[in-house]
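In: one predicted model, sequence on top.
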Amino acid sequence: MSEEEKINQSTDDGQPSTGENKIVEQPQTQNSKLQTENMEAHHPHHVTHKKEWTEYLLEFLMIFLAVTLGFFAENIREHLSDNSKEKEYIESLSEDLKVDQQILSQNISSIQSGIAMMDSLIIILDNTSSLSGNTGELYYLARLSPRLQPLAINDKTFQQLKNSGNFRLIKNIEASNKIMEYYNTITLVRLLESINETEFTQYKTAAAKIFNPEIFINTEGIGNEIKRINGNPPLRTTDNELLQELSVYAVYMHGTKKGVLDADEKMKKAGAELIDFLQKEYHLQIR
C-alpha cells in the first residue's frame with residue numbers, strides 16, 4: 001500500500017493524521033524546554049549556594065557595630081544619670097551645711113556663755129573671804145555653767161551618701177576631700193564632749209558635798225531653765241579643801257569647753273568655705 005493510501009485510510013477511519021499529531025504535541029515540547037531553561041537559570045540561587053567570605057565579614061561588622069553603639073549609648077545614659085544624681089546630692093548637702101551654720105552659731109554662743117559663767121564660778125570658789133555674800137550666785141553658776149549641749153549637726157545627706165555607697169558619684173576629687181574633712185571634724189567634737197561628760201561626773205560628786213539639794217531644786221524653772229534665787233542661802237559646808245576640789249574640776253571643764261569652742265568655730269568656718277566652693281563648682285543657685 002502506498003503512503004498516500006495509508007494517509008487516506010487513516011482519515012477515513014476518523015483518526016487524526018500523523019501530521020496533525022505533530023502539530024498538537026509541539027507546544028508541550030517547547031514548554032518543557034522553557035521550564036528546563038528556567039531551572040538552569042535559577043540554579044545559582046539554590047539553598048546550597050555558599051556565601052562569599054566578604055558577606056560573613058559584612059554581617060560580623062554590622063553586628064559588632066550594633067553592639068558597640070548599644071554599649072556606648074548605655075554608658076552615656078548612665079553617665080548622664082550619675083551626673084544628675086551627683087548634682088541632687090550636692091544641692092541637698094549644701095542645704096544641710098546651711099542648717100549646720102545656724103546650729104553651730106547657736107552652739108558657739110552657748111559655749112561662750114558657759115565659759116564666762118565658769119570663770120565667775122572659779123573666782124568665787126577661790127575667794128573664800130567673799131563667799132558668804134555670793135552663795136546665791138554660786139548656786140546658780142554651779143548648776144548652769146557645767147552644761148554643754150551636744151552638737152547636733154544635720155548630716156542626713158552625708159550619711160545617705162556613705163551608707164548607700166553613692167559617695168562614688170562625687171567625681172570632683174577636691175569636693176569629695178573637702179566634704180570628708182568637714183564631717184571628720186565632728187569626731188574631735190564628740191571626743192571633747194565625751195571628756196567633758198567624764199569631768200562633769202567628777203564635778204557632780206564634789207558638788208554633792210557642798211550644795212544643798214533643796215536649794216538646787218529651787219533654781220529649776222520651766223522646762224530646762226535654771227534661774228537665780230533670792231538671797232544667799234547657806235552651803236552644806238565651806239570646807240576649803242572641798243571648795244578647791246570643786247574648783248579644780250571646774251578648771252578642767254573650762255579647758256574642755258574652750259577646746260569644743262575652738263573645734264566648733266573651725267567647723268563653722270570650714271562649712272562656710274565648703275558651701276561657697278560647692279556653689280561655684282556645681283553652679284548652684286544661691287538661696
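Out: Nice, I can see it.

In: helices of the stretch 101-250 of the chain, residue ranges please.
Out: Read by DSSP state H, counting those that start in this stretch, the stretch 101-250 of the chain holds these helices, from start to end of the chain: 135-144, 156-164, 173-207, 213-218, 240-281.

In: which among those is found nearest to residue 92?
Out: Nearest to residue 92 among the helices of the stretch 101-250 of the chain is helix 156-164 (4.4 Å), distances taken as C-beta to C-beta. The way it works is simple: take the backbone N, C-alpha and C, and place the C-beta from them, glycine included.

In: so how far is that closest one from its chain's centroid?
Out: Computed by C-alpha atoms, centre = their mean, to the nearest Å, the chain-centroid distance of helix 156-164 equals 4 Å.

In: from the contact counts, what lies against it?
Out: Packing partners of helix 156-164 (3 or more C-beta pairs under 8 Å, 6 or more residues apart in numbering; DSSP states H and E): helix 53-126.

In: how many neighbours does residue 141 have?
Out: Using other C-beta atoms under 10 Å, residue 141 has 23 neighbouring residues.

In: state the pLDDT value of it.
Out: pLDDT for residue 141: 97.

In: what's near enough to touch it?
Out: 117, 118, 120, 121, 124 (C-beta atoms under 8 Å, 6 or more residues apart in numbering).

In: so the residue nearest to it when sequence neighbours are not counted versus residue 96, what's the distance?
Out: Residue nearest to residue 141 in three dimensions, not counting chain neighbours: residue 121, with 4.2 Å by C-beta to C-beta, 6 or more residues apart in numbering. Residue 121 sits 36 Å away from residue 96, going by C-beta to C-beta, to the nearest Å.

In: the more surrounded of the two?
Out: residue 121 (25 against 18).

In: so who does the more buried one touch?
Out: 138, 141, 142, 145, 247, 250.

In: do you know the pLDDT at the residue nearest in space to the middle of the chain?
Out: Per C-alpha atoms, centre = their mean, the C-alpha nearest to the average position across the chain is that of residue 161, at 2.2 Å. On pLDDT, residue 161 comes in at 90.
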